[in-house]
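Enquirer: give the three-dimensional model of this entry:
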Amino acid sequence: MRSLLLLLLLWCVACTSESVDPAPLPPCYERQPMSADDLCGLLPDACPQLSGLPAMSDAITVVPDAANMPSGVTSQASHNNLDVVWHRGRLFFAFRTAPSHFADDEVVMYVVSTTDQQTWTLETRIALGKDLREPRFLTLGDKLFLYLARLGEVTLTFKPEAMMVSEQQAGCMWTEAVDIEPTGEAGFIPWRAREIDGVGYLIGYVGGENIYDMASDGIRVHWLRTTDGRSFEPVVPGQSVVLSGGVSETDWAFLDDGGVVAVTRNEAGDDDGFGSKICRAPADALGDWTCAPDRKKYDSPVLFRHGGDVYLIGRRQVANDGYFDLERDDLPFEDRGVEYQTTYWSTPKRCALWRVEPDTLSVEWLLDLPSNGDTCFASVLPLSSQHYLVYNYTSPLNPPDLAWNDGQWGSTYIYRLTLMLP
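Expert: Sure, this is the predicted structure:
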């Protein structure tokens, strides 16, 4: 029975596969450097004035949208893993579409671009007969890279195979996606990539196949940097791994003092329990992460700075006062993990905006984004000193309030909205 329950729970993470059916060559559009302050003027309805901050605009569906998506983009029932980035005057949008949330040999990863979020150009299409997940853009000067994870195609399994990379060349053709091993280990899953002061940062993890085996010592989070998009080295010299144990998806932000704060998903569990960990490292010891356990699980975390604050968008459990760890210490470790997963899977979720407190290593809920059922894999793009463009996915918002599992077998779509922060 335990093995059956574990098999049924293998649906839940994001990670996946390879590339390339040859895509039509897009036009060599003019590339223009663009500052973040220019974006509000370029993107219609992107920067509304809102009251009662923090606040958000209405959500607008991006996919599926047969009227505005280019020919060559074919939506399936599920749209979930995604990323957006602004590069040389265009907004690039990558997304996964498949028969369901789960692994399948019909998974396709599309990259499209726009200048106004109205008219889109097909950049590339990646379909390998494998599961493809975790698309992550990295812009370095004139170069634009797309990283993604390739996984096995068998439904209800989570089997990382390789991280892959494709690069846009001269504003036109994308290279074929090929395997790349930033840590020298197979099965690396890229979680977040960003450029800061001309340096590319990538955080991800190895050992994702251990998450649903409750192997609390089998997952390692690597924090890396790159200047060319293809060769990587540890951010902390000589120390690639910053966390190990039950943690997987991790995002981070630099603080004003040069230190770092991070939120990580602790689904597999370890000596700190299950849920999440909120971590911090000082500027003079960036490899020394001190973490506080949190019984809530902020799936698919993305962190961003606004003024002196650190914000998080991540999944919110609606039932059980929001907790993933139900404190069933009377059960053996593995049985606890199975019970927590089963309960989590069968209850409703939201995608929420939170504020992270680096001093207390705690998280405060602020508001829910439009969300229901299967939801929350957000990407955030700054637009102005107060506005942030958010792309996210969800099950249909009309009733009923779906359990997460029910949503994962049904249709999902990707929308955009604007957050306005005080």
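Enquirer: how about the CA coordinates for stretch 339-356, as PDB?
Expert: As requested, the backbone C-alpha atoms of stretch 339-356 are provided in PDB (Å, rounded to 0.1, in the frame of the first residue of the first chain):
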ATOM      1  CA  GLU A 339       0.100  11.100   4.800                       C
ATOM      2  CA  TYR A 340       1.200  14.800   4.300                       C
ATOM      3  CA  GLN A 341       1.400  14.300   0.600                       C
ATOM      4  CA  THR A 342      -2.000  12.600   0.400                       C
ATOM      5  CA  THR A 343      -3.700  15.300   2.400                       C
ATOM      6  CA  TYR A 344      -2.000  18.100   0.400                       C
ATOM      7  CA  TRP A 345      -2.900  16.500  -2.900                       C
ATOM      8  CA  SER A 346      -6.600  16.200  -2.100                       C
ATOM      9  CA  THR A 347      -7.200  19.800  -0.800                       C
ATOM     10  CA  PRO A 348      -7.600  23.200  -2.500                       C
ATOM     11  CA  LYS A 349      -4.700  25.600  -3.300                       C
ATOM     12  CA  ARG A 350      -4.100  29.200  -4.100                       C
ATOM     13  CA  CYS A 351      -1.200  31.200  -5.600                       C
ATOM     14  CA  ALA A 352      -0.300  33.900  -3.100                       C
ATOM     15  CA  LEU A 353       1.900  37.000  -2.600                       C
ATOM     16  CA  TRP A 354       3.900  36.900   0.600                       C
ATOM     17  CA  ARG A 355       6.500  39.100   2.300                       C
ATOM     18  CA  VAL A 356       9.700  37.500   3.600                       C
END
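Enquirer: begin at 448 from now on, thanks
Expert: Okay, residue one is now 448; in that scheme the one you just asked about reads as stretch 786-803.
Enquirer: partner residues bridging residue 651?
Expert: On DSSP bridges, the residues paired with residue 651 through beta bridges are residue 637, residue 669.
Enquirer: now it: how far from residue 618?
Expert: The gap separating residue 651 from residue 618 is 27 Å, by CB to CB, to the nearest Å. From N, CA and C alone the C-beta is placed, and that goes for glycine too.
Enquirer: which of these two has more residues huddled nearby?
Expert: The neighbour count for residue 651 versus residue 618, taken as other CB atoms under 10 Å, is higher for residue 651 (27 against 18).
Enquirer: per-residue pLDDT, the more buried one?
Expert: Residue 651 carries a pLDDT score of 98 in this model.
Enquirer: that one is in contact with residue 635, isn't it?
Expert: Yes - judged on CB atoms under 8 Å, residue 651 makes contact with residue 635 at a distance of 5.5 Å.
Enquirer: can you name every helix or strand that the longest helix anywhere in the chain contacts?
Expert: Scanning the chain for the longest helix, with DSSP state H as the assignment, gives helix 780-792. Helices and strands touching helix 780-792, as assessed by 3 or more CB pairs under 8 Å, 6 or more residues apart in numbering; DSSP states H and E, comprise helix 449-455, strand 707-717, strand 720-728, helix 851-855.
Enquirer: need those in CSV with mean neighbour count, can you?
Expert: Conversion of those to CSV gives the following (neighbours: other CB atoms under 10 Å):
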stretch, mean neighbour count
helix 449-455, 12
strand 707-717, 25
strand 720-728, 23
helix 851-855, 21
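Enquirer: mind putting these into a markdown table with distance to residue 536 and mean pLDDT?
Expert: What follows is the helices and strands packed on helix 780-792, written out as a markdown table (distance: least, CB to CB, whole Å; pLDDT from 0 to 100):
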| stretch | distance to residue 536 | mean pLDDT |
| --- | --- | --- |
| helix 449-455 | 46 | 38 |
| strand 707-717 | 31 | 96 |
| strand 720-728 | 36 | 98 |
| helix 851-855 | 36 | 96 |
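Enquirer: so for residue 684, which of those sits nearest?
Expert: Evaluated with CB to CB, the helices and strands packed on helix 780-792 place strand 720-728 nearest to residue 684, the distance being 14.2 Å.
Enquirer: on that earlier part again, which of the helices and strands packed on helix 780-792 sits closest to residue 576?
Expert: For the helices and strands packed on helix 780-792, the distance to residue 576 is smallest for helix 851-855, at 21.2 Å, taking CB to CB.
Enquirer: the next helix or strand along the chain from the closest one - what's its average pLDDT?
Expert: Taking DSSP states H and E as the definition, the helix or strand that follows helix 851-855 towards the C-terminus is strand 860-867. When the per-residue pLDDT values of strand 860-867 are averaged, the result is 97.
Enquirer: list the helices and strands strand 860-867 packs on?
Expert: For strand 860-867, the contact count by 3+ CB pairs under 8 Å, 6+ apart identifies strand 502-503, strand 507-510, strand 525-534, strand 834-841 as packing neighbours.
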